[in-house]
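S.K.: Got a predicted structure plus its sequence, pasted below:
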Amino acid sequence: MLRLENLSLAFGHRQLLQNLSLRLSEGELCWLKGANGSGKTTLLNLISGVIPEYVTAEFEAEIWLGELSLKDLPIREKFRYLWFAQNDPETQFLMPSCEAEIAFALENRGMPAEQIKRQVDSSLNLLGLQNCRWQAPQTLSRGQQKLLLCAIGNALDPPCYLLDEPLSGLSDSSVALVLTWIRLQKAKRKIFLVAEHNDALRHLADKELQLSDATAFVQSGSIHQSAEPDSVLLLLKAGGQQHNLDKKPNLLVSTQDLGFAYQDSTQLFSNLSFTISRHQNILLQGENGSGKSTLLKLMLGLLKPQCGRTAFAGNSQSGFDAGYFRHAYYQPQNTSASLLGLTASQNWLLWKLSLVELPDYPSCADHLLSELSAGEQRLVSQGILPYIIDKFWMLDEPFASLDLQASENLKELLAWKARQRPGMIIVAHASDNLEGIFDEIWTINPTGIEINRVSTEAEQS
Amino acid sequence: MRGTNSFWHPLLHVFICLVLSCLAFMGSEPAKLSILWFTSFIYAAFRVKAGATGLVKTHWRSLPLLLSLAFVQLLFRRQGDLLWQFGIISLSREGANYLAVLSLRLLIVILSAKALAVLDFKEFSTAFHSLRLPEEFSFMLSYAVHLVPSLLSSWKGYFQSLKLRGIAINKLSIPNRLKIYKVLALSSLAALIKNSEGQAIALELRGFRSSGERSSMHERRFSFFDWVAIFMIFLAAALYLWL
């Protein structure tokens, strides 16, 4: 049994958790719910020992796993009792291959080589990563990296699992894989504490713990994070800076016979030819690892194709030029890559260098970016969207880590843009429920890209 | 065996890089150092992913540093025969000699570091495990070796992000450029600390530094060929020092 008793935690004056108690029996799953910044990750950090060993906070807590006090155990010894899959997989992999990544924890346990091999094999197969065995984890897609974290947990086989947004950024089939894995582990009487926004977890949850969102730094309704159409209209009336732009190129992206494969990996694309005009609203879908993010990077010139050509904004891609982005904006999947500076205001300041009409950032909304949760960081990075509504948006997994309210706001903004200022390509999954927004749905499959034209509400009427 | 970079034991690669760097500081004749530089170039070209082309680019990027060294030699070193003079600027034989030695040493160290940076944490761990050195040592060395490449890559990422915002840094005014450099310098330092912390957490969550005996999925021992290679390297190093 996992027991949390009288758990209180504060970062300085910011009280995040107060008098929280929780009991989880073997085979039970507790679903941690709450808005971005409500303290879900903090709670998992506290149980795993990241707080206080790496992050300083004032706290009181009694944390027991059976008869063992987890509070008194250093992190490096906790891997025998629990596995913590953190939200951001970027910094969690150091090994040259997925096999080595999974084997590392088992080697630290002193497990015999033959048993390690068996565990690695079964974990890779269970999470659908058998083809990625020799691939460097850093080259996997974010969704596959999430699956790899689950595979490490499966191989480690501890009595308790702490999972931070394990379903974020996963395709429907990958979500099904993770849910099946959790179900199997529950049957083996493992304890789960899962922080997640995805409703798919509902059927597996034995308990739900709703954390208060009153402590969140960045509220999804605040002025700079506002994604509501009304506020966009207000911004445009106040002198939208995009109206004075040069004439936009009609054809934004064109590719011809594009071919690409990562090192030590299978061919992702071959003979791919397509065009994207500046008024198209495209939803880009596909399985995890099918190449959605890679395709965007190839279009932009961030990756070089092995064969074929791409042109962006009328320029053949032989480099990467700031001039291409006068009419387009690309936001990568990794939030930290789209944030610059130490604070939200510094990030805004660097936007003002290219969009001089931007208002000043309100000092009351300023925070160190490193203090914000993953969802809050994404909200900050998306705060610019209403101000660049006329640009062609290329957003990679914009819904990952967002809470329900923020997701709804973003959907409204996308729907408004699709009607009033069309032009975007959004990477998302079917579970994000984006019907009625896009003109075309592009699905990447092993044979290429399948394009389905969708009749919009306007056309239907 | 797949999943490892090389047929040779990782410790052998660490040893080669160490020997090359040490010999660079033990010799002071430009001709001998040129031979050592050539050997380092060939070795690094086989090791790094970008091959010889990538190394030529590295040399090109090192040129400003070498030129500034040359300038200092021109100004301050006056001993030996005078080869050329223009006003207060002069080039003496010893100055030219010293310039060649310094440049070659620097290039050899850069080439060795590039070859060493090919090794990942796992390989460092395998290398030092065979010497019974603690795991922390592998992590620290691996982190130190990859520090400069990761800093450079984070800077590349920042400039890419600026371009994605439509900001061409070379078209900005000097005050704005300074503003950007200040923000980015602090950010990269903060990111470096945060990443190292993140990696340490990730490793400890998987039992790095835990108590008890470790095992290995693919035990790598020094093979006969590794020993032969070590012997040959010792022989070559002795020959280099003797000549």
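M.R.: Sure thing, it's come through.

S.K.: Mind pulling the model confidence for residue 231?
M.R.: Answering for chain A, as no chain was given. Note for residue A:231: predicted pLDDT of 53.

S.K.: that answer is for a different chain, and I need it for chain B
M.R.: 94.

S.K.: Name the helix or strand for it, please.
M.R.: Assigning secondary structure by DSSP states H and E places residue B:231 in helix B:224-242.

S.K.: for residue A:284, same thing?
M.R.: Secondary structure from DSSP H and E places residue A:284 in strand A:281-286.

S.K.: which residues does the closest residue to residue A:31 other than its chain neighbours contact?
M.R.: Spatially, and ignoring its direct neighbours in sequence, residue A:31 is nearest to residue A:205 (3.8 Å; CB to CB, 6 or more residues apart in numbering or on different chains). Glycine gets a C-beta too; all of them are placed from N, C-alpha and C. When contacts are counted by CB atoms under 8 Å, 6 or more residues apart in numbering or on different chains, residue A:205 touches A:29-31, A:194.

S.K.: will you turn those into a markdown table that also has neighbour count?
M.R.: As requested, these are exported to a markdown table (neighbours: other CB atoms under 10 Å in any protein chain shown):
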| residue | neighbour count |
| --- | --- |
| A:29 | 22 |
| A:30 | 20 |
| A:31 | 19 |
| A:194 | 25 |
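
S.K.: which of those residues lies closest to chain B?
M.R.: The nearest member of these to chain B, counting by CB to the nearest CB, is residue A:194 at 16.5 Å.

S.K.: That closest one contacts residue A:163, correct?
M.R.: Yes. Here residue A:194 lies in contact with residue A:163, judged by CB atoms under 8 Å, at a distance of 4.6 Å.

S.K.: Could you count how many residues lie near residue A:275?
M.R.: 12 (other CB atoms under 10 Å in any protein chain shown).

S.K.: So in that sheet, which strands flank the helix or strand containing it, and in what orientation?
M.R.: Applying DSSP H and E as the criterion places residue A:275 in strand A:267-277. Strand A:267-277 pairs in its sheet with strand A:251-261 (antiparallel), by DSSP bridges.

S.K.: quick one: buried residues of the strand it pairs with?
M.R.: Counting neighbours by 16 or more other CB atoms under 10 Å in any protein chain shown, one finds that the buried residues in strand A:251-261 are A:252-255, A:258, A:260.

S.K.: can you map out the helices along chain B?
M.R.: With helices called from DSSP state H, chain B shows them at B:10-26, B:30-47, B:51-76, B:93-116, B:121-129, B:135-164, B:174-205, B:224-242.

S.K.: per-domain residue ranges of chain A.
M.R.: A:2-210, A:223-460 (automatic domain parsing).

S.K.: Make TSV out of those domains and add distance to residue B:53.
M.R.: Formatted as TSV, the domains of chain A follow (distance: least, CB to CB, whole Å):
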stretch	distance to residue B:53
domain A:2-210	22
domain A:223-460	14
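
S.K.: So which of the ones you listed is nearest residue B:190?
M.R.: Closest to residue B:190 of the domains of chain A is domain A:223-460 (CB to CB; 5.7 Å).

S.K.: So what's the gap between the closest one and the chain middle?
M.R.: 14 Å (CA atoms, centre = their mean, to the nearest Å).

S.K.: quick one: pLDDT of the closest residue to chain B within the stretch 151-300 of chain A?
M.R.: Across the stretch 151-300 of chain A, no residue is closer to chain B than residue A:152, which sits at 7.1 Å (CB to the nearest CB). On the pLDDT scale, residue A:152 is placed at 96.

S.K.: Count residues in the vicinity of the residue nearest to it when sequence neighbours are not counted, would you?
M.R.: Of all residues not flanking residue A:152 in the chain, residue A:102 sits nearest, at 5.3 Å (CB to CB, 6+ apart). Neighbour count of residue A:102, defined by other CB under 10 Å: 30.

S.K.: thought residue A:102 was touching residue A:123?
M.R.: Yes. The criterion here is CB under 8 Å, and residue A:102 meets it with residue A:123 at 5.7 Å.

S.K.: Give me the common contacts of the two.
M.R.: Listed as contacting both residue A:102 and residue A:123 by CB under 8 Å, 6+ apart are A:151-152, A:155.

S.K.: Out of the residues you listed, which comes closest to residue A:272?
M.R.: So of those, ranked by how close each gets to residue A:272 (CB to CB), first place is residue A:151, at 30.0 Å.

S.K.: tilt between whichever strand or helix holds the closest one and strand A:281-286?
M.R.: Element membership for residue A:151 (DSSP H and E) is helix A:142-156. Between helix A:142-156 and strand A:281-286, the angle comes out at 30 degrees (axes from the mean of the first three to the mean of the last three CA atoms, to 10 degrees).

S.K.: Output the contacting helices and strands for helix A:142-156.
M.R.: For helix A:142-156, the elements it packs on are strand A:82-85, helix A:98-108, helix A:113-126, strand A:160-164, helix A:172-187, judged by 3 or more CB pairs under 8 Å, 6 or more residues apart in numbering or on different chains; DSSP states H and E.

S.K.: redo that, cut-off 7 Å
M.R.: If you count contacts as 3 or more CB pairs under 7 Å, 6 or more residues apart in numbering or on different chains; DSSP states H and E, helix A:142-156 packs onto strand A:82-85, helix A:98-108, helix A:113-126, helix A:172-187.

S.K.: Nearest to residue B:139, out of those?
M.R.: Checking the helices and strands packed on helix A:142-156 against residue B:139 by CB to CB gives helix A:98-108 as the closest, at 11.9 Å.

S.K.: Please identify the residue most distant from the middle of chain B.
M.R.: What lies farthest from the middle of chain B is residue B:87; by CA atoms, centre = their mean that is 38.3 Å.

S.K.: how close does it sit to residue B:75?
M.R.: Separation of residue B:87 from residue B:75 (CB to CB, to the nearest Å): 11 Å.

S.K.: So the residue nearest to residue B:159 when sequence neighbours are not counted versus residue A:356, what's the distance?
M.R.: Once flanking residues are discounted, residue B:159 sits nearest to residue B:169: 6.9 Å by CB to CB, 6+ apart. Residue B:169 sits at a distance of 16 Å from residue A:356 (criterion: CB to CB).

S.K.: hmm, who's touching stretch B:66-75?
M.R.: B:89, B:91, B:95, B:98-99, B:102-103 (CB atoms under 7 Å, 6 or more residues apart in numbering or on different chains).

S.K.: which of those residues count as buried?
M.R.: For the contacts of stretch B:66-75, buried by 16+ other CB under 10 Å: B:91, B:95, B:98-99, B:102-103.
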